[in-house]
Structures are given as structure tokens and as C-alpha cells.
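Novice: give me the fold of what follows.
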Amino acid sequence: MGDDQATTESIAVTGATGSVGGRVAARLARRGAAQRLVVRDLNRAPELPGASAAMAAYEDRTAMRRALQGATTLFLVSATESADRVDRHIAAVDAAVEAGVGRIVYLSFLNPGPAAVFTFARDHFFTEAHIRSTGVAHTFLRPSLYLDLLPGWADEHGVVRGPAGSGRVAWVARDDIADVAAEVLLEPGAHTGRAYDLTGPEAVTLGETAGRLTSLTGRTVRYVPETWEEALESRRATGAPEWAVEGWASSYAAVAAGELDTVSPAVPDITGHPAQTIEGYLRKHPSALNHVEPA
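Specialist: Numbering: from 1, shown residues only. Okay, the predicted model is just below:
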């Protein structure tokens, strides 16, 4: 695999070294699709049948344009949260259009909006708006909060702490997101202009979520509500920049505001299998809460 290799693939996949992009690339390879994996580090690119790799960062428009030459479809995984994430997305989208990419499938987030309570969801709104403005064919995948990351919301004492109130969230598994993405990528035209909310099968409060985790694992998990100011103060102790602190705290606040109280049939409709439940995830990952001290 190499950066100078001629690009003849029809599907370009970004984030192939990550949790969602890597899953999507593996699924496309199993389906026999030719793909180009666009990565920041060639040494970390997965070796998959039918795949080559090119090195480019989103913000490097020239490298992105070169990496995407010959691709007809781009799976654009949103960049890691940063103060300039929208600018990075815009550079990648513009490079794709300049390279002749005809369709972008963008990994967005549930209920994006310019004034969304969840500050990171605002980035997705502006990215979606820019993609639309280019006139390129597109599909937006809008997942809820990741079920896979849920165990990490509990600290070593089993406490999930934040200003989520009694709001609800339908946690979604990254495997389900990847299954949907693969189907959408392999069906050119069938999903053009569509935006799909990707969620689990039910929306639950954080208190109910903690109860499920407790009953399923035998480790005591509890939800402790915080005020907005308490949430900011507890997270500022990490030394993270303010935009990151607000992003973390606002993920809980968005739950309280009802922004994530959505249950969508898109996963079963597109993949043909039910969306994974909290119970199903823990059956597959029985050690997910091993970091929590036993009661």
C-alpha cells in the first residue's frame, strides 16, 4: 500500500484506523468492494483485500484531493472534536469535489442544529450545510450516542455524573452504524439526498440506563445528576480546553433537553436486522464494566 499508487477505487473511506471507519472498511472488504483508505499514517492502515491506502489529513486540501482522485463515493467520518473541526471538514469536502467525487456519505450526529444544546452537534449542522451547498450527491448518517462508549460513562465507583435530568437517549452500537454505512455505500443512488437517524430500539433515561448496567453485570452503577455549573467545574479539573469541557457537559445537557429522545427504524430497515440493545451489547462484551469496583 502506498501514497503514490494509482487510484482506481470507486469508494474512498476515511477514518479506517478508527472505530467506525475501520468497521466500515472491513465490511466493504468482505463484500468484495474495491476501496481506498484515506489515513493520516500509512503504517496504521489496515491491510484488507481490495484496498489500497493514501495518506492525507482533512486540513491538507492538496493531499486530500490527490488521495481522492478516481473515487466516485467518499465515506467521510467526522474528524476528532477540535476547535477548528468545521474548517477541517470543509477542506475535506472541497477537496473531494475538486477531485471529482460524485457522492459523499457523511457520518454526522443526531439532530444537528446551529444552536443545538450539544455543542459538537453544531459542527455537524454546518458541515452538512456545506456539503449541500456544493451540489454533490449526499447521504447523512446521524447516529445517537455510542452504546460502545456507555460503560466508560461510569467511573471506577460506578457513578455516571452529569446534567442529563430525566431526558432519554437511544444508545446505538457502532456495529449497527457500520452495517448501515456499508449498505448505503454499496447502493449508489438508492439513498441520495436522505438523512438517516441511527438509534437503538428504545430511549431510556440515564437512571434507567444505570439500572440496566447494574442488573446485567452485577456491578453497582448509579446516575448522579449535576447542575450545568457543577458539570463544567468537575470537567475543568482535567485541564481540557473550555470548548472540550463544554462539549462533554453539553452531551448530558442535550439529553435533558430532549435532543436525543429519538427512536428510529433506520437500522433494521436498512440492514435487515434489529438494532442492538444494551442487554445484547453486554452479552457480547461481558467485561465492559470491569473497571467499576465490585459492590
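Novice: mind checking the SS state of Ile270?
Specialist: helix (DSSP: H, G, I helix; E, B strand; the rest coil).
Novice: count of neighbours near Ala34?
Specialist: Ala34: 14 surrounding residues under other C-beta atoms under 10 Å. Every C-beta, even on glycine, is put in place using the N, C-alpha and C of the backbone.
Novice: quick one, phi/psi of Ala12?
Specialist: Dihedral angles of Ala12 (phi, psi; degrees, to the nearest 10) stand at phi -100, psi 140.
Novice: residue contacts, the residue lying closest to Ala190 once chain neighbours are set aside?
Specialist: Counting by C-beta to C-beta, 6 or more residues apart in numbering, Ala190 lies nearest to Val184, which is 7.8 Å off, once chain neighbours are set aside. Listed by C-beta atoms under 8 Å, 6 or more residues apart in numbering, the contact set of Val184 reads Val105, Thr139, Leu141, Ala190, His191, Tyr196, Ile270.
Novice: helix, strand, or coil at the fifth one?
Specialist: Just to be clear, that refers to His191. His191 - assigned by three-state DSSP - is coil.
Novice: so what's it up against?
Specialist: His191 makes contacts with Val105, Thr139, Val184, as judged by C-beta under 8 Å, 6+ apart.
Novice: how does it look with 10 Å?
Specialist: By C-beta atoms under 10 Å, 6 or more residues apart in numbering, His191 lies in contact with Arg103, Val105, Ala137, His138, Thr139, Phe140, Leu141, Val180, Glu183, Val184, Leu185, Ile270.
Novice: show me what contacts the second one?
Specialist: For Val105, the set of contacting residues under the criterion of C-beta under 10 Å, 6+ apart consists of 11, 13, 24, 73-77, 137-141, 180-181, 184-185, 191-192.
Novice: redo that, cut-off 6 Å
Specialist: Applying C-beta atoms under 6 Å, 6 or more residues apart in numbering to Val105 gives the contacts Phe75, Thr139, Val184, Leu185.
Novice: helix, strand or coil for it?
Specialist: Applying three-state DSSP: Val105 is strand.
Novice: how near is it to Pro188?
Specialist: 10 Å (C-beta to C-beta, to the nearest Å).
Novice: go on, the last one?
Specialist: As for Ile270, its distance to Pro188 is 15 Å (criterion: C-beta to C-beta).
Novice: now do the third one
Specialist: When distances are taken as C-beta to C-beta, Ala137 and Pro188 turn out to be 9 Å apart.
Novice: over to Arg122?
Specialist: 30 Å.
Novice: same question, Val224
Specialist: Where Pro188 is concerned, Val224 sits at a distance of 48 Å (C-beta to C-beta).
Novice: just Leu76 next, same as before
Specialist: Going from Leu76 to Pro188 by C-beta to C-beta gives 16 Å.
Novice: what is the end-to-end distance of stretch 283-295?
Specialist: 20 Å (C-alpha to C-alpha, to the nearest Å).
Novice: from here on, count from 303
Specialist: Yes, from this point I'll number from 303; that puts the last item at stretch 585-597.
Novice: which residues are in contact with that stretch?
Specialist: Contacts for stretch 585-597 (C-beta under 6 Å, 6+ apart): Pro453, Ala456, Glu458, Gly460, Thr519, Arg521, Thr522.
Novice: right, I'll call it a day here.
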